[in-house]
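J.: what's the 3D shape of this:
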Amino acid sequence: MHIPRFTSALLLARAVAAAPTAGTTCDSSLAELNDLVKQAISTQEGILNDRTAAANQTGQTCTRDNLTVRRPWGSLSKPERKAYTDAVLCLQSLPAKTPASVAPGAKSRYDDFVATHIIQTQTIHYTGTFLAWHRWFVYNFEQALKNECGYTGSQPYWNWALYANDPASSPIFDGSAYSMSGNGAPIADKGPITLLLGDFAPIELPAGTGGGCVTSGPFKDMQVNLGPVSLPLNNGTVVTGTGLEHNPRCLKRDISAGVNAAYANATSVVNLIRQHDNIGDFQMVMQGVPGSGSIGVHGGGHYTIGGDPADDVFTSPGEPVFYLHHGMIDLVWWTWQSLDYSNRRDAVSGTGTFLNSPPSPDTTLDDIVDLGYAGGGQITMRELMSIQDGPFCYTYSL
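T.: Prediction:
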(Lines give C-alpha, C1' and ligand atoms only; values in the text may rest on other atoms or scores of the structure.)
Protein backbone atom coordinates (compact mmCIF):
# COMPACT_ATOMS: atom_id res chain seq x y z
CA MET A 1 0.00 0.00 0.00
CA HIS A 2 1.31 3.45 -0.87
CA ILE A 3 0.10 6.54 0.92
CA PRO A 4 0.78 9.96 -0.68
CA ARG A 5 3.38 12.38 0.58
CA PHE A 6 3.61 13.59 4.17
CA THR A 7 0.65 15.39 5.69
CA SER A 8 1.17 19.15 5.74
CA ALA A 9 3.84 19.84 8.34
CA LEU A 10 1.97 22.91 9.57
CA LEU A 11 -1.35 21.11 10.09
CA LEU A 12 0.32 18.14 11.73
CA ALA A 13 2.42 20.45 13.92
CA ARG A 14 -0.78 21.99 15.28
CA ALA A 15 -2.14 18.53 16.06
CA VAL A 16 1.05 17.48 17.79
CA ALA A 17 1.23 20.69 19.80
CA ALA A 18 -2.29 20.00 21.07
CA ALA A 19 -1.63 16.37 21.95
CA PRO A 20 -0.19 15.36 25.36
CA THR A 21 2.83 13.58 23.95
CA ALA A 22 5.39 14.92 26.41
CA GLY A 23 5.50 14.50 30.16
CA THR A 24 6.80 12.10 32.74
CA THR A 25 6.44 8.36 32.65
CA CYS A 26 3.56 7.01 34.72
CA ASP A 27 2.86 3.44 35.72
CA SER A 28 -0.41 3.28 33.78
CA SER A 29 1.27 4.38 30.54
CA LEU A 30 4.07 1.88 31.00
CA ALA A 31 1.51 -0.87 31.60
CA GLU A 32 -0.36 0.19 28.46
CA LEU A 33 2.85 0.15 26.44
CA ASN A 34 3.57 -3.37 27.71
CA ASP A 35 0.06 -4.42 26.70
CA LEU A 36 0.56 -3.02 23.18
CA VAL A 37 3.80 -4.95 22.79
CA LYS A 38 2.11 -8.11 24.07
CA GLN A 39 -0.60 -7.62 21.42
CA ALA A 40 2.10 -7.37 18.76
CA ILE A 41 3.75 -10.54 20.05
CA SER A 42 0.39 -12.33 20.00
CA THR A 43 -0.28 -11.21 16.42
CA GLN A 44 3.10 -12.47 15.28
CA GLU A 45 2.70 -15.75 17.15
CA GLY A 46 -0.62 -16.35 15.40
CA ILE A 47 0.95 -15.79 11.99
CA LEU A 48 3.93 -18.00 12.79
CA ASN A 49 1.81 -20.75 14.32
CA ASP A 50 -0.18 -20.98 11.10
CA ARG A 51 3.03 -20.84 9.11
CA THR A 52 4.75 -23.53 11.20
CA ALA A 53 1.77 -25.86 10.85
CA ALA A 54 1.88 -25.46 7.08
CA ALA A 55 5.64 -25.08 6.64
CA ASN A 56 5.97 -27.91 4.17
CA GLN A 57 3.30 -26.44 1.93
CA THR A 58 4.17 -22.73 2.09
CA GLY A 59 7.95 -22.95 1.80
CA GLN A 60 8.30 -20.07 4.30
CA THR A 61 11.70 -20.04 5.98
CA CYS A 62 10.78 -18.09 9.12
CA THR A 63 8.75 -20.17 11.55
CA ARG A 64 8.13 -20.26 15.28
CA ASP A 65 10.97 -22.76 15.63
CA ASN A 66 13.79 -20.58 14.27
CA LEU A 67 12.71 -17.15 15.49
CA THR A 68 15.37 -14.92 17.06
CA VAL A 69 14.20 -12.95 20.11
CA ARG A 70 15.50 -9.44 20.77
CA ARG A 71 15.33 -8.47 24.44
CA PRO A 72 15.72 -5.25 26.43
CA TRP A 73 19.22 -4.64 27.78
CA GLY A 74 18.14 -4.95 31.41
CA SER A 75 16.79 -8.47 30.89
CA LEU A 76 20.13 -9.78 29.61
CA SER A 77 22.38 -11.57 32.08
CA LYS A 78 25.75 -10.02 32.85
CA PRO A 79 27.59 -12.55 30.66
CA GLU A 80 25.15 -11.81 27.82
CA ARG A 81 25.74 -8.07 28.12
CA LYS A 82 29.49 -8.52 28.14
CA ALA A 83 29.28 -10.80 25.10
CA TYR A 84 27.50 -8.03 23.23
CA THR A 85 29.94 -5.25 24.15
CA ASP A 86 32.88 -7.56 23.45
CA ALA A 87 31.48 -8.15 19.97
CA VAL A 88 31.06 -4.42 19.34
CA LEU A 89 34.67 -3.85 20.47
CA CYS A 90 35.71 -6.67 18.15
CA LEU A 91 33.99 -4.94 15.21
CA GLN A 92 35.89 -1.77 16.13
CA SER A 93 39.17 -3.72 15.91
CA LEU A 94 38.59 -5.19 12.45
CA PRO A 95 39.75 -3.34 9.33
CA ALA A 96 37.32 -1.22 7.36
CA LYS A 97 35.89 -2.40 4.05
CA THR A 98 35.10 1.15 2.91
CA PRO A 99 37.82 2.38 0.51
CA ALA A 100 39.84 5.41 1.54
CA SER A 101 38.63 7.09 -1.64
CA VAL A 102 35.09 6.97 -0.24
CA ALA A 103 35.73 7.63 3.47
CA PRO A 104 39.40 8.21 4.32
CA GLY A 105 38.52 8.38 8.02
CA ALA A 106 36.95 4.93 8.18
CA LYS A 107 39.51 2.82 10.03
CA SER A 108 37.42 -0.11 11.30
CA ARG A 109 34.59 -2.42 10.33
CA TYR A 110 32.47 -0.48 12.81
CA ASP A 111 33.27 2.70 10.88
CA ASP A 112 31.79 1.16 7.72
CA PHE A 113 28.36 1.54 9.30
CA VAL A 114 29.04 5.10 10.42
CA ALA A 115 30.33 6.13 6.99
CA THR A 116 27.27 4.65 5.26
CA HIS A 117 24.96 6.57 7.57
CA ILE A 118 26.87 9.83 6.98
CA ILE A 119 26.73 9.41 3.20
CA GLN A 120 23.01 8.57 3.13
CA THR A 121 21.68 10.79 5.93
CA GLN A 122 19.85 13.19 3.62
CA THR A 123 17.90 10.32 2.02
CA ILE A 124 17.05 8.23 5.11
CA HIS A 125 15.56 10.78 7.53
CA TYR A 126 12.18 12.45 7.00
CA THR A 127 11.85 10.20 3.96
CA GLY A 128 9.75 7.23 2.98
CA THR A 129 12.62 4.86 3.71
CA PHE A 130 13.39 6.04 7.25
CA LEU A 131 11.93 3.09 9.15
CA ALA A 132 12.77 0.29 6.72
CA TRP A 133 16.29 1.58 6.06
CA HIS A 134 17.15 1.65 9.76
CA ARG A 135 15.55 -1.78 10.28
CA TRP A 136 17.91 -3.17 7.61
CA PHE A 137 20.86 -1.19 9.01
CA VAL A 138 20.48 -2.54 12.56
CA TYR A 139 19.91 -6.06 11.25
CA ASN A 140 23.14 -5.97 9.24
CA PHE A 141 25.03 -4.63 12.24
CA GLU A 142 23.67 -7.57 14.23
CA GLN A 143 24.73 -9.97 11.47
CA ALA A 144 28.24 -8.47 11.40
CA LEU A 145 28.55 -9.04 15.16
CA LYS A 146 27.53 -12.66 14.65
CA ASN A 147 29.35 -13.53 11.44
CA GLU A 148 32.55 -11.54 11.95
CA CYS A 149 32.95 -11.48 15.73
CA GLY A 150 31.37 -14.74 16.89
CA TYR A 151 28.48 -13.15 18.77
CA THR A 152 25.79 -15.74 19.51
CA GLY A 153 23.14 -13.49 21.03
CA SER A 154 20.63 -11.13 19.43
CA GLN A 155 20.53 -7.35 19.10
CA PRO A 156 19.31 -5.91 22.42
CA TYR A 157 17.17 -2.79 22.61
CA TRP A 158 16.78 0.19 24.93
CA ASN A 159 13.25 0.69 26.25
CA TRP A 160 13.45 4.45 26.88
CA ALA A 161 10.25 4.40 28.97
CA LEU A 162 11.68 2.19 31.71
CA TYR A 163 14.29 4.73 32.80
CA ALA A 164 12.79 8.00 31.56
CA ASN A 165 13.29 9.92 34.81
CA ASP A 166 16.84 8.72 35.50
CA PRO A 167 18.48 7.12 32.46
CA ALA A 168 22.01 7.52 33.86
CA SER A 169 21.29 5.00 36.61
CA SER A 170 19.87 2.40 34.23
CA PRO A 171 21.80 -0.81 33.50
CA ILE A 172 22.55 0.66 30.06
CA PHE A 173 24.40 3.72 31.36
CA ASP A 174 25.46 2.86 34.93
CA GLY A 175 29.13 2.64 33.92
CA SER A 176 29.70 -0.91 35.09
CA ALA A 177 31.56 -3.56 33.13
CA TYR A 178 28.13 -4.90 32.10
CA SER A 179 26.75 -1.60 30.80
CA MET A 180 27.12 0.27 27.52
CA SER A 181 29.46 2.58 29.50
CA GLY A 182 28.52 5.53 31.65
CA ASN A 183 28.07 9.26 31.27
CA GLY A 184 30.73 11.66 30.06
CA ALA A 185 32.86 13.64 32.50
CA PRO A 186 30.83 16.57 33.85
CA ILE A 187 31.24 19.95 32.18
CA ALA A 188 29.80 22.87 34.09
CA ASP A 189 27.72 25.72 32.66
CA LYS A 190 27.09 24.17 29.26
CA GLY A 191 23.72 25.79 28.77
CA PRO A 192 20.87 24.20 26.81
CA ILE A 193 21.34 22.37 23.52
CA THR A 194 19.89 24.42 20.65
CA LEU A 195 18.58 22.53 17.64
CA LEU A 196 18.07 24.24 14.29
CA LEU A 197 16.08 22.90 11.33
CA GLY A 198 15.78 25.21 8.35
CA ASP A 199 13.62 28.26 8.96
CA PHE A 200 11.69 26.73 11.85
CA ALA A 201 12.01 28.15 15.34
CA PRO A 202 14.95 26.66 17.27
CA ILE A 203 14.29 24.04 19.92
CA GLU A 204 16.17 24.21 23.21
CA LEU A 205 16.78 20.97 25.08
CA PRO A 206 17.95 20.63 28.68
CA ALA A 207 21.63 19.75 28.85
CA GLY A 208 22.65 16.61 30.66
CA THR A 209 24.98 16.06 33.59
CA GLY A 210 28.04 15.02 31.56
CA GLY A 211 29.38 16.40 28.31
CA GLY A 212 32.97 15.21 28.36
CA CYS A 213 34.72 11.96 27.52
CA VAL A 214 33.19 8.71 28.73
CA THR A 215 35.29 7.49 31.66
CA SER A 216 33.80 4.13 32.67
CA GLY A 217 32.60 0.86 31.24
CA PRO A 218 33.53 -1.10 28.10
CA PHE A 219 33.76 1.93 25.79
CA LYS A 220 35.77 4.28 28.01
CA ASP A 221 38.77 4.01 25.68
CA MET A 222 36.79 4.01 22.45
CA GLN A 223 38.02 6.24 19.63
CA VAL A 224 35.48 7.98 17.40
CA ASN A 225 37.01 8.32 13.93
CA LEU A 226 34.40 10.02 11.74
CA GLY A 227 32.42 13.27 11.91
CA PRO A 228 31.03 15.39 13.25
CA VAL A 229 29.03 16.93 10.41
CA SER A 230 26.23 18.89 12.04
CA LEU A 231 26.36 19.08 15.82
CA PRO A 232 23.82 21.34 17.58
CA LEU A 233 24.90 24.63 19.06
CA ASN A 234 26.64 24.56 22.46
CA ASN A 235 28.05 21.07 21.98
CA GLY A 236 31.62 22.28 21.84
CA THR A 237 33.14 19.80 19.36
CA VAL A 238 34.75 21.32 16.30
CA VAL A 239 33.00 20.43 13.04
CA THR A 240 35.38 19.40 10.28
CA GLY A 241 34.72 18.87 6.58
CA THR A 242 32.27 16.26 5.32
CA GLY A 243 32.55 14.00 8.35
CA LEU A 244 34.29 11.33 6.27
CA GLU A 245 37.79 12.54 7.09
CA HIS A 246 39.80 11.04 9.95
CA ASN A 247 39.06 13.01 13.09
CA PRO A 248 40.07 10.82 16.07
CA ARG A 249 38.62 11.80 19.44
CA CYS A 250 37.07 10.30 22.55
CA LEU A 251 33.45 9.20 22.86
CA LYS A 252 31.51 11.97 24.63
CA ARG A 253 28.15 11.75 26.39
CA ASP A 254 25.83 14.18 28.10
CA ILE A 255 22.99 12.03 29.43
CA SER A 256 19.86 14.14 29.94
CA ALA A 257 16.99 12.94 32.11
CA GLY A 258 15.11 16.07 31.06
CA VAL A 259 15.11 15.03 27.40
CA ASN A 260 14.19 11.41 28.19
CA ALA A 261 11.33 12.41 30.49
CA ALA A 262 9.94 14.95 28.02
CA TYR A 263 10.16 13.13 24.70
CA ALA A 264 10.80 9.40 25.19
CA ASN A 265 8.60 8.48 28.12
CA ALA A 266 5.90 5.80 28.14
CA THR A 267 3.08 8.27 27.48
CA SER A 268 4.89 9.62 24.43
CA VAL A 269 5.35 6.12 23.01
CA VAL A 270 1.76 5.04 23.71
CA ASN A 271 0.35 8.21 22.14
CA LEU A 272 2.55 7.75 19.09
CA ILE A 273 1.23 4.22 18.58
CA ARG A 274 -2.39 4.94 19.47
CA GLN A 275 -3.07 8.33 17.87
CA HIS A 276 -1.81 7.94 14.30
CA ASP A 277 -3.60 5.67 11.87
CA ASN A 278 -1.47 6.27 8.77
CA ILE A 279 2.23 5.70 8.30
CA GLY A 280 2.92 9.26 7.12
CA ASP A 281 1.74 10.82 10.37
CA PHE A 282 3.21 8.03 12.49
CA GLN A 283 6.77 8.35 11.17
CA MET A 284 6.61 12.14 11.04
CA VAL A 285 5.56 12.43 14.69
CA MET A 286 8.13 9.79 15.63
CA GLN A 287 10.88 11.98 14.16
CA GLY A 288 9.43 15.28 15.41
CA VAL A 289 7.17 17.44 13.26
CA PRO A 290 9.16 20.52 12.12
CA GLY A 291 7.69 23.61 13.76
CA SER A 292 5.88 21.67 16.50
CA GLY A 293 8.56 22.12 19.14
CA SER A 294 8.79 18.34 19.53
CA ILE A 295 11.76 16.14 18.60
CA GLY A 296 9.68 12.95 18.81
CA VAL A 297 10.74 9.72 20.45
CA HIS A 298 13.44 9.30 17.78
CA GLY A 299 15.11 12.57 18.72
CA GLY A 300 14.28 11.89 22.37
CA GLY A 301 16.51 8.82 22.43
CA HIS A 302 19.40 10.40 20.57
CA TYR A 303 19.47 13.58 22.64
CA THR A 304 19.03 11.67 25.89
CA ILE A 305 22.45 10.16 25.17
CA GLY A 306 23.84 13.51 24.05
CA GLY A 307 27.42 14.43 23.36
CA ASP A 308 29.52 13.57 20.34
CA PRO A 309 28.63 11.74 18.14
CA ALA A 310 25.09 11.04 19.47
CA ASP A 311 23.97 14.65 18.95
CA ASP A 312 24.99 14.62 15.28
CA VAL A 313 22.27 13.17 13.04
CA PHE A 314 24.89 12.22 10.44
CA THR A 315 27.45 10.51 12.69
CA SER A 316 25.13 9.15 15.38
CA PRO A 317 25.94 5.44 14.71
CA GLY A 318 29.39 6.24 16.05
CA GLU A 319 27.70 6.02 19.46
CA PRO A 320 27.34 2.30 20.36
CA VAL A 321 23.95 2.85 22.03
CA PHE A 322 22.61 3.93 18.60
CA TYR A 323 21.82 0.29 17.81
CA LEU A 324 19.91 -0.27 21.06
CA HIS A 325 18.00 2.98 20.43
CA HIS A 326 17.04 2.00 16.90
CA GLY A 327 16.11 -1.45 18.12
CA MET A 328 13.42 0.32 20.16
CA ILE A 329 12.43 2.44 17.15
CA ASP A 330 11.93 -0.80 15.24
CA LEU A 331 9.95 -2.34 18.10
CA VAL A 332 7.61 0.67 18.17
CA TRP A 333 7.07 0.50 14.39
CA TRP A 334 6.48 -3.26 14.54
CA THR A 335 3.99 -2.76 17.39
CA TRP A 336 2.15 -0.09 15.38
CA GLN A 337 2.09 -2.35 12.32
CA SER A 338 0.70 -5.25 14.34
CA LEU A 339 -2.36 -3.33 15.54
CA ASP A 340 -3.76 -3.43 11.99
CA TYR A 341 -1.36 -5.79 10.30
CA SER A 342 -3.17 -6.39 7.02
CA ASN A 343 -3.36 -2.64 6.30
CA ARG A 344 -0.12 -1.47 7.92
CA ARG A 345 2.37 -4.18 7.00
CA ASP A 346 3.27 -2.63 3.63
CA ALA A 347 2.35 0.99 4.35
CA VAL A 348 4.88 3.54 3.07
CA SER A 349 4.74 7.31 2.77
CA GLY A 350 7.16 10.03 1.85
CA THR A 351 9.70 10.82 -0.80
CA GLY A 352 13.38 10.06 -1.31
CA THR A 353 14.81 13.27 0.17
CA PHE A 354 14.87 14.95 3.59
CA LEU A 355 11.46 16.66 3.94
CA ASN A 356 11.23 16.37 0.14
CA SER A 357 14.04 18.89 -0.33
CA PRO A 358 14.98 18.91 -3.12
CA PRO A 359 11.72 17.51 -4.52
CA SER A 360 11.93 13.79 -5.32
CA PRO A 361 9.63 10.92 -6.33
CA ASP A 362 7.36 9.20 -3.84
CA THR A 363 8.84 6.16 -2.12
CA THR A 364 7.44 2.84 -3.33
CA LEU A 365 7.79 -0.77 -2.25
CA ASP A 366 9.96 -1.37 -5.31
CA ASP A 367 12.59 1.19 -4.28
CA ILE A 368 16.05 -0.21 -3.59
CA VAL A 369 17.86 0.09 -0.24
CA ASP A 370 21.64 -0.32 -0.39
CA LEU A 371 23.89 -0.02 2.68
CA GLY A 372 27.06 0.15 0.63
CA TYR A 373 30.14 -1.16 2.42
CA ALA A 374 28.23 -1.79 5.63
CA GLY A 375 26.89 -4.90 3.90
CA GLY A 376 23.65 -6.62 3.07
CA GLY A 377 23.59 -5.92 -0.64
CA GLN A 378 20.68 -4.37 -2.52
CA ILE A 379 17.18 -5.11 -1.30
CA THR A 380 13.73 -3.72 -2.03
CA MET A 381 11.57 -1.86 0.43
CA ARG A 382 8.98 -4.60 -0.03
CA GLU A 383 11.37 -7.13 1.52
CA LEU A 384 11.95 -4.97 4.59
CA MET A 385 8.38 -4.39 5.71
CA SER A 386 7.96 -7.41 7.99
CA ILE A 387 10.33 -8.80 10.64
CA GLN A 388 9.14 -12.31 9.85
CA ASP A 389 9.59 -12.16 6.06
CA GLY A 390 12.28 -11.31 3.53
CA PRO A 391 15.67 -11.72 5.21
CA PHE A 392 14.20 -11.35 8.69
CA CYS A 393 13.11 -13.86 11.29
CA TYR A 394 13.05 -12.14 14.67
CA THR A 395 10.70 -10.81 17.31
CA TYR A 396 10.81 -8.76 20.49
CA SER A 397 10.16 -9.62 24.12
CA LEU A 398 9.58 -7.38 27.12
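J.: When you work out contacts or count neighbours from here on, use the C-alpha atoms and nothing else.
T.: Noted.
J.: helix/strand/coil for the residue most central in space within the chain?
T.: In the chain, the centroid-proximal residue (CA atoms, centre = their mean) is H326; its distance is 2.1 Å. When classified by DSSP: H, G, I helix; E, B strand; the rest coil, H326 comes out as helix.
J.: residues contacting it?
T.: Applying CA atoms under 8 Å, 6 or more residues apart in numbering to H326 gives the contacts 134-135, 138, 157.
J.: now it: how far from H134?
T.: Taking CA to CA, to the nearest Å as the measure, H326 falls 7 Å from H134.
J.: Could you do G288 as well?
T.: 17 Å.
J.: related to what we said a few turns ago, CSV please, covering the contacts of H326 and showing distance to A310.
T.: Compiled in CSV, these are given as follows (distance: CA to CA, whole Å):
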residue, distance to A310
H134, 16
R135, 18
V138, 16
Y157, 16
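J.: Same list (those residues) but as TSV, adding pLDDT and neighbour count.
T.: Listed next are those as TSV, based on pLDDT from 0 to 100; neighbours: other CA atoms under 10 Å:
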residue	pLDDT	neighbour count
H134	98	21
R135	98	22
V138	98	21
Y157	98	26
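J.: For W333, which non-adjacent residue is spatially closest?
T.: L131 (7.6 Å; CA to CA, 6 or more residues apart in numbering).
J.: Then R344?
T.: Q337 (5.0 Å).
J.: per-residue pLDDT, the residue nearest to the centre of the chain?
T.: Reading off the confidence values, H326 has pLDDT 98.
J.: Just to be sure, the residue nearest to W333 is in a strand?
T.: No. Looking at L131 with three-state DSSP, it is helix, so not inside a strand.
J.: my guess is it meets L331, correct?
T.: No. The criterion here is CA atoms under 8 Å, and L131 misses it with L331 at 10.7 Å.
J.: Leaving out sequence neighbours, find the closest residue to G128.
T.: Excluding its sequence neighbours, the residue lying closest to G128 (CA to CA, 6+ apart) is G350, at 4.0 Å.
J.: now swap in G372 and tell me
T.: T116 (6.5 Å).
J.: got a list of what the one you found touches?
T.: 371-374.
J.: any idea of the pLDDT on it?
T.: Among the per-residue scores, T116 holds a pLDDT of 98.
J.: State the number of residues packed around the residue nearest to R344.
T.: If you count neighbours by other CA atoms under 10 Å, Q337 ends up with 23.
J.: quick one on the thing from earlier: point out the ones among the contacts of T116 that are inside helices.
T.: Among the contacts of T116, no residue falls in helices (DSSP state H).
J.: What is the burial count for V102?
T.: Residues lying near V102 (other CA under 10 Å) number 14.
J.: Repeat that for D199.
T.: By other CA under 10 Å, the residues close to D199 number 8.
J.: and what of the one 5 residues further on?
T.: A count of nearby residues for E204, using other CA under 10 Å, gives 15.
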